[in-house]
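J.: with the sequence up front, the predicted model follows.
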Amino acid sequence: MDRTEGTDFSFFISSLAMQASIALGIMAHPITNRTETNLSHARLIIDTLAMLKEKTTGNLTTDEDSLLDKFLYELRKKYAENTSNRKKEGQI
């Protein structure tokens, strides 16, 4: 299958990163238009992206690898911020 057909890897990881962003409260849920935080769901998606990074090592283009690294860095950073804020507020 040609890379221009169907879903490519960059689109796939972008959609996962968007789901994590919704779970982290970075963006509103597209159906409810509400911003809510679900750290356990965010953690699951971040861990899934990390697993994909590990399992695809050596098989990604430079752009795909960079994009995955960028998403993981940003999402992990936001997750850590949210976790820290919740601990300060006594929610965790």
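T.: That came in fine, so what should we check first?
J.: only C-alpha atoms for contact and neighbour calcs from this point on.
T.: Will do.
J.: count of neighbours near the nearest residue to residue 17 once chain neighbours are set aside?
T.: Closest residue to residue 17 apart from its sequence neighbours, by Cα to Cα, 6 or more residues apart in numbering: residue 71 at 6.4 Å. Residue 71 has 21 neighbours, counted by other Cα atoms under 10 Å.
J.: off-centre distance for the helix or strand where residue 71 lies?
T.: Taking DSSP states H and E as the criterion, residue 71 maps to helix 62-88. Centroid displacement of helix 62-88 relative to its chain, using Cα atoms, centre = their mean, to the nearest Å, is 7 Å.
J.: so how far is residue 36 from the residue nearest to residue 17?
T.: Counting by Cα to Cα, to the nearest Å, the gap from residue 71 to residue 36 is 20 Å.
J.: buried sites along whichever strand or helix holds residue 42?
T.: Secondary structure from DSSP H and E places residue 42 in helix 39-55. For helix 39-55, the neighbour count (16 or more other Cα atoms under 10 Å) marks 39, 42-43, 45-46, 49-50, 53 as buried.
J.: what helices or strands is that helix leaning on?
T.: helix 9-23, helix 62-88 (3 or more Cα pairs under 8 Å, 6 or more residues apart in numbering; DSSP states H and E).
J.: mind redoing it with 7 Å?
T.: Where contact means 3 or more Cα pairs under 7 Å, 6 or more residues apart in numbering; DSSP states H and E, helix 39-55 is packed against helix 9-23.
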